[in-house]
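Asks: Compute the structure for the input listed below.
(2 chains)
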Amino acid sequence: MYSTTYHRPTTVADAVKLRKKAEDGQFVSGGMTLIPAMKTRLAAPSDLVDLRHVGELKGIKVSGKTVTIGAATTHAEVAESAKLRKVCPAICDLAAHIGDPHVRHMGTIGGSLANNDPSADYPAAMLALGATIVTDKRELAADKFFKGLFETALKDDEIVTAVTFTVPAKCGYAKFPNPASRYAMTGVFVAKTKDGVRAAVTGAGEDGVFRAREVEAALAKKFDASALEGVSVPSKDLMSDIHASAEYRANLVVVMAKRAVAAANAG
Amino acid sequence: MSEISMVVNGRSVSATVEDRTLLVHFLREHLGLTGTHVGCDTSQCGACVVHLDGKAVKSCSMLAAQASGSEVTTIEGLADGADLHPVQAAFREHHGLQCGFCTPGMIMAASDMIRRHPDGLDEKTVRAELEGNICRCTGYHNIVKAVLAASKSMAKGKGGKAKKAA
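Replies: Residues are numbered from 1 along each chain as shown, chains lettered A, B, ... in the order given. The predicted model follows:
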(Lines give C-alpha, C1' and ligand atoms only; values in the text may rest on other atoms or scores of the structure.)
Protein backbone atom coordinates (compact mmCIF):
# COMPACT_ATOMS: atom_id res chain seq x y z
CA MET A 1 0.00 0.00 0.00
CA TYR A 2 1.27 3.49 -0.79
CA SER A 3 1.45 6.02 1.99
CA THR A 4 -1.75 7.81 2.94
CA THR A 5 -3.01 10.18 5.62
CA TYR A 6 -5.99 9.10 7.69
CA HIS A 7 -8.65 11.53 8.95
CA ARG A 8 -11.60 10.89 11.23
CA PRO A 9 -14.24 13.64 11.07
CA THR A 10 -17.47 13.45 13.07
CA THR A 11 -19.63 15.71 10.90
CA VAL A 12 -20.43 15.77 7.18
CA ALA A 13 -19.27 19.39 6.98
CA ASP A 14 -15.84 18.51 8.40
CA ALA A 15 -15.57 15.49 6.13
CA VAL A 16 -16.18 17.65 3.06
CA LYS A 17 -13.64 20.23 4.25
CA LEU A 18 -10.98 17.55 4.76
CA ARG A 19 -11.69 16.04 1.37
CA LYS A 20 -11.45 19.45 -0.33
CA LYS A 21 -8.11 20.18 1.34
CA ALA A 22 -6.63 16.84 0.31
CA GLU A 23 -4.51 16.64 -2.81
CA ASP A 24 -6.05 13.38 -4.03
CA GLY A 25 -8.30 12.25 -1.21
CA GLN A 26 -11.03 9.66 -0.96
CA PHE A 27 -13.86 9.05 1.42
CA VAL A 28 -13.76 5.64 3.06
CA SER A 29 -16.78 4.07 4.71
CA GLY A 30 -16.55 0.32 5.44
CA GLY A 31 -13.51 0.17 3.17
CA MET A 32 -14.33 -3.34 1.98
CA THR A 33 -13.44 -2.39 -1.60
CA LEU A 34 -11.15 0.58 -1.09
CA ILE A 35 -8.69 -0.91 1.41
CA PRO A 36 -8.12 -4.08 -0.69
CA ALA A 37 -7.76 -1.82 -3.77
CA MET A 38 -5.14 0.23 -1.92
CA LYS A 39 -3.29 -2.92 -0.85
CA THR A 40 -2.94 -3.96 -4.49
CA ARG A 41 -2.06 -0.37 -5.40
CA LEU A 42 -5.05 -0.07 -7.70
CA ALA A 43 -5.97 2.94 -5.57
CA ALA A 44 -3.53 5.34 -3.95
CA PRO A 45 -5.41 8.20 -2.29
CA SER A 46 -3.19 10.82 -0.61
CA ASP A 47 -5.79 11.10 2.15
CA LEU A 48 -8.54 8.89 3.55
CA VAL A 49 -11.52 10.61 5.11
CA ASP A 50 -13.27 8.03 7.31
CA LEU A 51 -17.08 8.36 7.40
CA ARG A 52 -17.70 5.61 9.97
CA HIS A 53 -17.77 8.05 12.87
CA VAL A 54 -20.16 10.59 11.35
CA GLY A 55 -23.29 10.10 13.46
CA GLU A 56 -25.63 11.89 11.06
CA LEU A 57 -25.01 9.22 8.41
CA LYS A 58 -26.30 6.37 10.54
CA GLY A 59 -29.61 4.74 11.24
CA ILE A 60 -32.74 3.31 9.65
CA LYS A 61 -36.06 5.18 9.70
CA VAL A 62 -39.41 3.73 8.70
CA SER A 63 -42.28 6.17 8.59
CA GLY A 64 -45.42 4.64 7.12
CA LYS A 65 -44.37 3.50 3.66
CA THR A 66 -41.26 5.67 3.54
CA VAL A 67 -37.91 4.06 4.32
CA THR A 68 -34.74 6.06 4.91
CA ILE A 69 -31.41 4.30 5.42
CA GLY A 70 -28.40 6.33 6.52
CA ALA A 71 -25.39 5.91 4.26
CA ALA A 72 -23.07 4.59 7.00
CA THR A 73 -25.52 1.83 7.95
CA THR A 74 -23.75 -1.51 7.61
CA HIS A 75 -25.08 -4.46 5.63
CA ALA A 76 -25.39 -6.39 8.90
CA GLU A 77 -27.54 -3.61 10.41
CA VAL A 78 -29.84 -3.58 7.37
CA ALA A 79 -30.05 -7.39 7.42
CA GLU A 80 -30.97 -7.46 11.12
CA SER A 81 -33.35 -4.47 11.24
CA ALA A 82 -36.71 -5.70 12.55
CA LYS A 83 -38.59 -2.56 11.57
CA LEU A 84 -37.22 -2.72 8.03
CA ARG A 85 -38.00 -6.44 7.76
CA LYS A 86 -41.59 -5.70 8.72
CA VAL A 87 -42.18 -3.43 5.71
CA CYS A 88 -39.59 -4.58 3.15
CA PRO A 89 -38.02 -7.98 3.88
CA ALA A 90 -36.45 -8.14 0.39
CA ILE A 91 -33.94 -5.42 1.24
CA CYS A 92 -32.97 -7.22 4.48
CA ASP A 93 -32.50 -10.51 2.63
CA LEU A 94 -30.41 -8.78 -0.02
CA ALA A 95 -28.14 -7.27 2.64
CA ALA A 96 -27.86 -10.64 4.40
CA HIS A 97 -26.24 -12.13 1.28
CA ILE A 98 -23.62 -9.50 0.52
CA GLY A 99 -20.07 -10.87 0.90
CA ASP A 100 -19.69 -12.76 4.17
CA PRO A 101 -20.55 -12.01 7.82
CA HIS A 102 -17.27 -10.19 8.49
CA VAL A 103 -17.61 -8.02 5.40
CA ARG A 104 -21.22 -7.22 6.36
CA HIS A 105 -20.04 -5.89 9.73
CA MET A 106 -17.96 -3.24 7.94
CA GLY A 107 -19.45 -2.57 4.50
CA THR A 108 -22.11 0.13 4.20
CA ILE A 109 -24.98 0.92 1.85
CA GLY A 110 -23.59 4.38 1.07
CA GLY A 111 -20.16 2.95 0.29
CA SER A 112 -21.64 0.30 -1.97
CA LEU A 113 -23.69 2.86 -3.92
CA ALA A 114 -20.86 5.37 -4.25
CA ASN A 115 -18.54 2.60 -5.46
CA ASN A 116 -21.15 1.25 -7.93
CA ASP A 117 -19.40 -2.05 -8.54
CA PRO A 118 -21.06 -3.61 -11.60
CA SER A 119 -21.70 -6.77 -9.54
CA ALA A 120 -22.87 -5.10 -6.33
CA ASP A 121 -26.35 -5.91 -5.03
CA TYR A 122 -27.62 -2.58 -3.69
CA PRO A 123 -27.54 -0.68 -7.02
CA ALA A 124 -30.09 -3.14 -8.47
CA ALA A 125 -32.37 -2.64 -5.45
CA MET A 126 -32.15 1.15 -5.59
CA LEU A 127 -32.83 1.27 -9.32
CA ALA A 128 -35.78 -1.14 -9.14
CA LEU A 129 -37.27 0.60 -6.11
CA GLY A 130 -36.95 3.99 -7.83
CA ALA A 131 -35.07 5.14 -4.73
CA THR A 132 -33.72 8.61 -4.13
CA ILE A 133 -30.02 8.90 -3.33
CA VAL A 134 -29.57 11.78 -0.90
CA THR A 135 -26.20 13.55 -0.79
CA ASP A 136 -24.93 16.49 1.24
CA LYS A 137 -25.71 18.69 -1.77
CA ARG A 138 -28.83 17.33 -3.50
CA GLU A 139 -31.27 14.51 -4.05
CA LEU A 140 -30.78 12.27 -7.06
CA ALA A 141 -33.16 9.72 -8.54
CA ALA A 142 -31.48 6.31 -8.80
CA ASP A 143 -32.13 6.50 -12.58
CA LYS A 144 -29.79 9.52 -12.72
CA PHE A 145 -27.26 8.30 -10.14
CA PHE A 146 -25.65 5.21 -11.72
CA LYS A 147 -23.48 6.16 -14.69
CA GLY A 148 -21.50 3.07 -15.65
CA LEU A 149 -18.76 0.80 -14.28
CA PHE A 150 -17.76 2.24 -10.90
CA GLU A 151 -19.17 5.60 -12.11
CA THR A 152 -21.88 7.66 -10.46
CA ALA A 153 -23.20 11.21 -10.70
CA LEU A 154 -21.32 12.06 -7.47
CA LYS A 155 -18.86 14.96 -7.54
CA ASP A 156 -15.43 14.35 -5.94
CA ASP A 157 -16.29 16.03 -2.64
CA GLU A 158 -19.94 14.93 -2.52
CA ILE A 159 -21.07 12.44 0.13
CA VAL A 160 -24.02 10.06 -0.07
CA THR A 161 -25.81 10.73 3.21
CA ALA A 162 -28.84 8.44 2.88
CA VAL A 163 -31.17 6.61 0.55
CA THR A 164 -34.91 6.85 0.69
CA PHE A 165 -37.66 4.91 -1.03
CA THR A 166 -41.35 4.16 -0.86
CA VAL A 167 -42.09 0.56 0.01
CA PRO A 168 -43.62 -1.06 -3.09
CA ALA A 169 -46.66 -3.33 -3.08
CA LYS A 170 -44.29 -6.24 -3.69
CA CYS A 171 -40.58 -6.69 -4.29
CA GLY A 172 -37.97 -9.43 -4.36
CA TYR A 173 -34.35 -10.12 -5.24
CA ALA A 174 -32.52 -13.17 -6.54
CA LYS A 175 -28.91 -13.54 -7.55
CA PHE A 176 -26.68 -16.21 -9.01
CA PRO A 177 -23.51 -15.82 -6.99
CA ASN A 178 -20.17 -16.57 -8.54
CA PRO A 179 -19.19 -19.80 -6.78
CA ALA A 180 -15.78 -18.41 -5.85
CA SER A 181 -16.24 -14.70 -5.12
CA ARG A 182 -19.95 -14.76 -4.29
CA TYR A 183 -20.39 -11.55 -6.26
CA ALA A 184 -23.54 -11.60 -8.38
CA MET A 185 -22.87 -13.14 -11.79
CA THR A 186 -26.39 -11.89 -12.40
CA GLY A 187 -28.83 -10.50 -9.89
CA VAL A 188 -32.33 -9.18 -10.51
CA PHE A 189 -34.43 -6.99 -8.22
CA VAL A 190 -38.11 -6.70 -9.18
CA ALA A 191 -40.59 -4.25 -7.66
CA LYS A 192 -44.29 -3.80 -8.23
CA THR A 193 -44.96 -0.14 -7.48
CA LYS A 194 -48.01 2.04 -7.96
CA ASP A 195 -46.32 3.43 -11.10
CA GLY A 196 -45.73 0.00 -12.60
CA VAL A 197 -43.21 -2.82 -12.52
CA ARG A 198 -39.48 -2.13 -12.42
CA ALA A 199 -36.77 -4.78 -12.81
CA ALA A 200 -33.09 -3.92 -12.39
CA VAL A 201 -30.17 -6.18 -13.21
CA THR A 202 -26.70 -6.24 -11.64
CA GLY A 203 -23.65 -8.33 -12.44
CA ALA A 204 -24.53 -8.68 -16.10
CA GLY A 205 -24.41 -5.34 -17.86
CA GLU A 206 -21.26 -4.06 -19.55
CA ASP A 207 -22.18 -0.62 -18.25
CA GLY A 208 -23.20 -1.73 -14.79
CA VAL A 209 -26.71 -1.87 -13.38
CA PHE A 210 -29.59 -1.48 -15.87
CA ARG A 211 -33.35 -1.96 -16.18
CA ALA A 212 -34.56 -5.02 -18.11
CA ARG A 213 -37.45 -3.61 -20.14
CA GLU A 214 -38.46 -7.02 -21.55
CA VAL A 215 -38.86 -8.38 -18.02
CA GLU A 216 -40.76 -5.27 -16.91
CA ALA A 217 -43.16 -5.46 -19.87
CA ALA A 218 -43.94 -9.13 -19.22
CA LEU A 219 -44.42 -8.64 -15.47
CA ALA A 220 -46.62 -5.57 -16.03
CA LYS A 221 -49.16 -7.90 -17.67
CA LYS A 222 -49.01 -10.39 -14.85
CA PHE A 223 -46.71 -10.17 -11.80
CA ASP A 224 -45.94 -13.87 -11.74
CA ALA A 225 -43.01 -16.08 -12.75
CA SER A 226 -45.23 -17.72 -15.39
CA ALA A 227 -45.39 -14.39 -17.25
CA LEU A 228 -41.66 -14.75 -17.98
CA GLU A 229 -41.99 -18.06 -19.83
CA GLY A 230 -40.51 -17.59 -23.30
CA VAL A 231 -39.29 -14.07 -22.53
CA SER A 232 -35.72 -13.37 -23.57
CA VAL A 233 -33.42 -10.39 -23.10
CA PRO A 234 -30.80 -9.38 -25.67
CA SER A 235 -27.19 -10.34 -24.88
CA LYS A 236 -25.79 -7.44 -26.90
CA ASP A 237 -24.64 -5.19 -24.03
CA LEU A 238 -23.96 -7.90 -21.48
CA MET A 239 -20.59 -8.90 -20.03
CA SER A 240 -18.59 -11.87 -21.29
CA ASP A 241 -15.75 -13.07 -19.07
CA ILE A 242 -14.14 -16.27 -17.81
CA HIS A 243 -17.16 -16.88 -15.57
CA ALA A 244 -19.96 -16.63 -18.11
CA SER A 245 -20.68 -15.55 -21.66
CA ALA A 246 -23.08 -12.72 -22.48
CA GLU A 247 -25.60 -15.28 -23.76
CA TYR A 248 -25.41 -17.25 -20.51
CA ARG A 249 -25.96 -14.07 -18.52
CA ALA A 250 -28.92 -13.11 -20.73
CA ASN A 251 -30.51 -16.42 -19.82
CA LEU A 252 -29.66 -15.88 -16.15
CA VAL A 253 -31.48 -12.52 -16.19
CA VAL A 254 -34.76 -14.29 -16.96
CA VAL A 255 -34.09 -17.16 -14.54
CA MET A 256 -33.21 -14.78 -11.69
CA ALA A 257 -36.18 -12.55 -12.54
CA LYS A 258 -38.47 -15.58 -12.17
CA ARG A 259 -36.98 -16.39 -8.76
CA ALA A 260 -37.18 -12.75 -7.68
CA VAL A 261 -40.87 -12.55 -8.59
CA ALA A 262 -41.55 -15.83 -6.80
CA ALA A 263 -39.80 -14.44 -3.70
CA ALA A 264 -41.79 -11.19 -3.97
CA ASN A 265 -45.08 -13.06 -4.20
CA ALA A 266 -44.17 -15.35 -1.32
CA GLY A 267 -43.28 -12.44 1.01
CA MET B 1 2.10 8.80 11.28
CA SER B 2 -0.85 8.53 13.64
CA GLU B 3 -1.19 8.13 17.37
CA ILE B 4 -3.54 5.22 17.86
CA SER B 5 -4.90 3.61 20.98
CA MET B 6 -7.22 0.69 21.52
CA VAL B 7 -8.03 -2.02 23.99
CA VAL B 8 -6.68 -5.37 22.82
CA ASN B 9 -7.74 -8.44 24.78
CA GLY B 10 -8.61 -6.25 27.72
CA ARG B 11 -5.31 -4.38 27.75
CA SER B 12 -4.99 -0.71 26.72
CA VAL B 13 -2.34 -0.21 24.07
CA SER B 14 -1.18 2.84 22.20
CA ALA B 15 1.41 3.37 19.53
CA THR B 16 2.52 5.67 16.77
CA VAL B 17 2.12 3.91 13.44
CA GLU B 18 2.13 4.75 9.77
CA ASP B 19 -1.44 5.52 8.69
CA ARG B 20 -1.29 2.73 6.11
CA THR B 21 -0.59 0.07 8.76
CA LEU B 22 -3.19 -2.68 8.55
CA LEU B 23 -4.82 -3.79 11.77
CA VAL B 24 -3.48 -7.33 11.30
CA HIS B 25 0.09 -6.04 10.97
CA PHE B 26 -0.35 -3.86 14.05
CA LEU B 27 -1.50 -6.90 16.04
CA ARG B 28 1.19 -9.22 14.77
CA GLU B 29 4.21 -6.99 14.41
CA HIS B 30 3.68 -4.25 16.99
CA LEU B 31 1.93 -6.27 19.69
CA GLY B 32 3.44 -9.68 18.90
CA LEU B 33 -0.01 -11.29 18.76
CA THR B 34 0.80 -13.71 15.96
CA GLY B 35 -2.24 -15.92 16.51
CA THR B 36 -4.11 -13.78 13.99
CA HIS B 37 -2.96 -15.04 10.59
CA VAL B 38 -2.53 -13.51 7.17
CA GLY B 39 -3.72 -16.08 4.68
CA CYS B 40 -4.84 -14.79 1.32
CA ASP B 41 -4.29 -11.09 2.03
CA THR B 42 -7.18 -10.36 -0.34
CA SER B 43 -10.01 -10.44 2.23
CA GLN B 44 -11.37 -13.83 1.17
CA CYS B 45 -9.93 -16.48 3.49
CA GLY B 46 -10.82 -15.17 6.96
CA ALA B 47 -7.62 -16.37 8.70
CA CYS B 48 -7.28 -12.78 9.99
CA VAL B 49 -10.72 -12.52 11.64
CA VAL B 50 -10.76 -10.68 14.97
CA HIS B 51 -13.60 -9.08 16.91
CA LEU B 52 -13.89 -5.30 16.69
CA ASP B 53 -16.23 -3.96 19.36
CA GLY B 54 -17.67 -7.47 19.60
CA LYS B 55 -18.18 -8.09 15.88
CA ALA B 56 -16.13 -10.29 13.57
CA VAL B 57 -14.12 -8.34 11.00
CA LYS B 58 -11.24 -9.09 8.65
CA SER B 59 -8.21 -7.41 10.17
CA CYS B 60 -6.31 -7.55 6.86
CA SER B 61 -8.91 -5.26 5.30
CA MET B 62 -8.88 -2.40 7.74
CA LEU B 63 -6.30 0.05 8.94
CA ALA B 64 -5.10 0.07 12.52
CA ALA B 65 -6.08 3.76 12.51
CA GLN B 66 -9.66 2.80 11.67
CA ALA B 67 -9.69 0.56 14.75
CA SER B 68 -8.33 3.25 17.07
CA GLY B 69 -10.67 3.84 20.00
CA SER B 70 -12.19 0.36 19.67
CA GLU B 71 -12.00 -2.85 21.61
CA VAL B 72 -10.29 -5.67 19.77
CA THR B 73 -10.35 -9.34 20.71
CA THR B 74 -7.95 -11.76 19.06
CA ILE B 75 -7.63 -15.53 19.40
CA GLU B 76 -5.18 -14.93 22.28
CA GLY B 77 -7.91 -13.16 24.24
CA LEU B 78 -10.52 -15.87 24.03
CA ALA B 79 -9.42 -18.40 26.65
CA ASP B 80 -9.96 -17.69 30.32
CA GLY B 81 -6.49 -18.41 31.66
CA ALA B 82 -5.85 -22.13 31.28
CA ASP B 83 -9.52 -22.79 30.49
CA LEU B 84 -10.18 -22.94 26.79
CA HIS B 85 -13.12 -20.98 25.40
CA PRO B 86 -16.00 -23.40 24.60
CA VAL B 87 -15.40 -22.91 20.86
CA GLN B 88 -11.70 -23.74 21.25
CA ALA B 89 -12.60 -26.78 23.36
CA ALA B 90 -15.09 -27.96 20.74
CA PHE B 91 -12.54 -27.60 17.93
CA ARG B 92 -10.14 -29.77 19.94
CA GLU B 93 -12.79 -32.31 20.89
CA HIS B 94 -14.12 -32.70 17.34
CA HIS B 95 -10.76 -32.29 15.62
CA GLY B 96 -11.97 -29.28 13.65
CA LEU B 97 -8.56 -28.71 12.10
CA GLN B 98 -5.66 -30.33 10.34
CA CYS B 99 -2.81 -27.91 9.66
CA GLY B 100 -4.35 -25.29 11.93
CA PHE B 101 -3.62 -22.26 9.80
CA CYS B 102 -7.25 -21.21 9.36
CA THR B 103 -8.19 -22.17 12.93
CA PRO B 104 -7.81 -18.78 14.68
CA GLY B 105 -10.07 -17.16 12.08
CA MET B 106 -12.49 -20.08 12.17
CA ILE B 107 -12.79 -19.87 15.94
CA MET B 108 -13.25 -16.09 15.95
CA ALA B 109 -15.86 -16.42 13.18
CA ALA B 110 -17.59 -19.26 15.03
CA SER B 111 -17.82 -17.42 18.35
CA ASP B 112 -19.27 -14.38 16.53
CA MET B 113 -21.73 -16.66 14.72
CA ILE B 114 -22.88 -18.24 17.99
CA ARG B 115 -23.32 -14.78 19.56
CA ARG B 116 -25.58 -13.76 16.65
CA HIS B 117 -27.66 -16.95 16.88
CA PRO B 118 -28.52 -17.25 20.58
CA ASP B 119 -31.41 -19.59 19.78
CA GLY B 120 -29.09 -22.20 18.32
CA LEU B 121 -27.61 -23.16 14.97
CA ASP B 122 -28.25 -25.85 12.40
CA GLU B 123 -25.79 -27.32 9.93
CA LYS B 124 -27.12 -25.35 6.96
CA THR B 125 -26.77 -22.06 8.82
CA VAL B 126 -23.24 -22.90 10.00
CA ARG B 127 -22.13 -23.78 6.48
CA ALA B 128 -23.66 -20.59 5.05
CA GLU B 129 -22.17 -18.47 7.83
CA LEU B 130 -18.68 -19.89 7.17
CA GLU B 131 -18.80 -18.17 3.77
CA GLY B 132 -15.92 -15.88 4.71
CA ASN B 133 -13.55 -18.51 6.07
CA ILE B 134 -11.59 -20.90 3.91
CA CYS B 135 -10.05 -24.17 5.09
CA ARG B 136 -7.94 -26.11 2.59
CA CYS B 137 -7.50 -29.26 4.68
CA THR B 138 -10.61 -30.50 6.38
CA GLY B 139 -13.46 -30.24 3.92
CA TYR B 140 -15.21 -28.33 6.75
CA HIS B 141 -16.96 -31.41 8.12
CA ASN B 142 -15.37 -31.42 11.58
CA ILE B 143 -15.35 -27.63 11.72
CA VAL B 144 -19.13 -27.63 11.29
CA LYS B 145 -19.44 -30.35 13.93
CA ALA B 146 -17.32 -28.33 16.34
CA VAL B 147 -19.32 -25.13 15.82
CA LEU B 148 -22.61 -26.96 16.37
CA ALA B 149 -21.25 -28.59 19.55
CA ALA B 150 -19.93 -25.26 20.86
CA SER B 151 -23.25 -23.59 20.15
CA LYS B 152 -25.02 -26.26 22.19
CA SER B 153 -22.57 -26.20 25.10
CA MET B 154 -22.66 -22.40 25.28
CA ALA B 155 -26.48 -22.37 25.33
CA LYS B 156 -26.38 -24.89 28.20
CA GLY B 157 -23.75 -22.81 29.97
CA LYS B 158 -26.20 -19.92 30.03
CA GLY B 159 -28.57 -22.10 32.03
CA GLY B 160 -31.03 -22.62 29.21
CA LYS B 161 -31.44 -25.37 26.68
CA ALA B 162 -30.67 -24.55 23.05
CA LYS B 163 -33.99 -23.49 21.65
CA LYS B 164 -35.10 -24.45 18.21
CA ALA B 165 -33.69 -22.01 15.66
CA ALA B 166 -36.30 -19.44 14.77
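Asks: What is the neighbour count of B:D83?
Replies: The number of residues packed near B:D83 is 9, by other C-beta atoms under 10 Å in any protein chain shown. Bear in mind the C-beta positions are built from the backbone N, C-alpha and C, glycine included.
Asks: what bridges to it?
Replies: Beta-bridge pairing of B:D83 under DSSP bridges involves B:D80.
Asks: okay, it: pLDDT?
Replies: In this model, B:D83 is scored at 96, pLDDT.
Asks: From the contact counts, what lies against the longest strand along chain A?
Replies: Looking across chain A with DSSP state E, the single longest strand is strand A:184-193. Applying 3 or more C-beta pairs under 8 Å, 6 or more residues apart in numbering or on different chains; DSSP states H and E, one finds that strand A:184-193 contacts helix A:122-129, strand A:170-177, strand A:196-202, helix A:213-221, helix A:246-266.
Asks: how does it look with 10 Å?
Replies: Under the contact criterion of 3 or more C-beta pairs under 10 Å, 6 or more residues apart in numbering or on different chains; DSSP states H and E, strand A:184-193 touches helix A:89-95, helix A:122-129, strand A:160-166, strand A:170-177, strand A:196-202, helix A:213-221, helix A:246-266.
Asks: Report the rounded mean pLDDT for it.
Replies: 97.
Asks: To A:D50, which of the helices and strands packed on strand A:184-193 lies closest?
Replies: A:D50 sits nearest to strand A:160-166 of all the helices and strands packed on strand A:184-193, at 14.8 Å, using C-beta to C-beta.
Asks: Enumerate the residues of the stretch 101-250 of chain A near chain B.
Replies: A:P101, A:H102, A:V103, A:R104, A:H105, A:M106, A:G107, A:P177, A:A180, A:S181, A:R182 (C-beta under 10 Å from any C-beta of the partner chain).
Asks: Just list the residues touching the nearest residue to B:T21 once chain neighbours are set aside, thanks.
Replies: Spatial nearest neighbour of B:T21, chain neighbours left out: B:A64 (4.6 Å); criterion: C-beta to C-beta, 6 or more residues apart in numbering or on different chains. Contacts were defined as C-beta atoms under 10 Å, 6 or more residues apart in numbering or on different chains; by that measure B:A64 touches A:6, B:2, B:4, B:6, B:15, B:17-27, B:30, B:72.
Asks: Can you tell me which of the residues you listed end up in helices?
Replies: Assigned to helices by DSSP state H, the following of the contacts of B:A64 qualify: B:L23, B:V24, B:H25.
Asks: what about chain B, any weak spots by pLDDT?
Replies: B:159-166 (pLDDT under 70).
Asks: Do a quick rundown of the strands in it.
Replies: Using DSSP E, strands in chain B cover B:2-8, B:11-17, B:49-52, B:55-58, B:71-73.
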